[in-house]
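# just to be clear, the model below is a prediction. Sequence and coordinates:
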Amino acid sequence: MNLQNGQITVREVLSNPKARALLQREYPALMNHPLLGMAQRMSLNQVLGMVRGKVPQQQINHLIGQLGKL
């Protein structure tokens with residue numbers, strides 16, 4: 001999946017069935033979060049900037065790597 005240097009929107013990521021399945025499997029709570037609808041208009045970089053410090057960097061790197069392989 002082309003993450004467009006992090007400029008891809010969350011909506012674009014979620015529109016990919018394999019990416020959606022990956023996120024559902026790895027982060028089920030995120031997929032049910034009430035703010036997910038609002039986050040869909042944000043870029044991946046914006047969302048990751050908001051979770052840094054709350055989610056281990058290793059976990060973020062793993063997610064980006066897995067999405068990039070799709």
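Looks like it arrived, so ask away.
# for the helix or strand of the chain with the lowest mean pLDDT, packing partners?
Sorting the helices and strands of the chain by mean pLDDT, DSSP states H and E puts helix 28-31 at the bottom, at a mean of 86. Packing contacts for helix 28-31, counted by 3 or more C-beta pairs under 8 Å, 6 or more residues apart in numbering; DSSP states H and E, involve helix 17-26. For every residue, glycine as well, the C-beta is placed using N, CA and C.
# next, Arg52: phi, psi?
Backbone geometry at Arg52, expressed as degrees, to the nearest 10, gives phi -60, psi 140.
# I misspoke; the intended subject was Gln40.
Reported as degrees, to the nearest 10, the phi and psi values for Gln40 are phi -60, psi -20.
# can you get me a residue count around it?
Each residue near Gln40 was counted by other C-beta atoms under 10 Å, and the total is 15.
# how about the one 3 residues further on?
With neighbours defined by other C-beta under 10 Å, the count for Ser43 comes to 19.
# for the protein, what's the longest helix?
Counting residues, the longest helix found in the chain (DSSP state H) is helix 57-69.
# give the buried residues for stretch 28-41.
Ala39 (16 or more other C-beta atoms under 10 Å).
# okay, buried residues for stretch 53-65 please.
Leu63.
# so for it, mean pLDDT?
For stretch 53-65, mean pLDDT is 92.
# chain center to that stretch, what's the gap?
Stretch 53-65 sits 10 Å away from the centroid of its parent chain (C-alpha atoms, centre = their mean, to the nearest Å).
# from the chain's centroid, how far away is the least confident helix or strand of the chain?
11 Å.
# and what of stretch 30-46?
8 Å.
# using CSV, write down the CA coordinates of the longest helix of the chain.
Presented in CSV, the C-alpha positions along helix 57-69 are these (Å, rounded to 0.1, in the frame of the first residue of the first chain):
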residue,chain,number,x,y,z
GLN,A,57,7.1,3.7,18.9
GLN,A,58,7.9,0.1,18.1
GLN,A,59,4.2,-0.6,17.7
ILE,A,60,3.7,2.4,15.4
ASN,A,61,6.7,1.3,13.3
HIS,A,62,5.3,-2.3,13.1
LEU,A,63,1.9,-0.9,11.9
ILE,A,64,3.5,1.3,9.2
GLY,A,65,5.6,-1.6,8.1
GLN,A,66,2.6,-3.9,7.8
LEU,A,67,0.5,-1.4,5.9
GLY,A,68,3.4,-0.7,3.6
LYS,A,69,3.6,-4.4,2.7
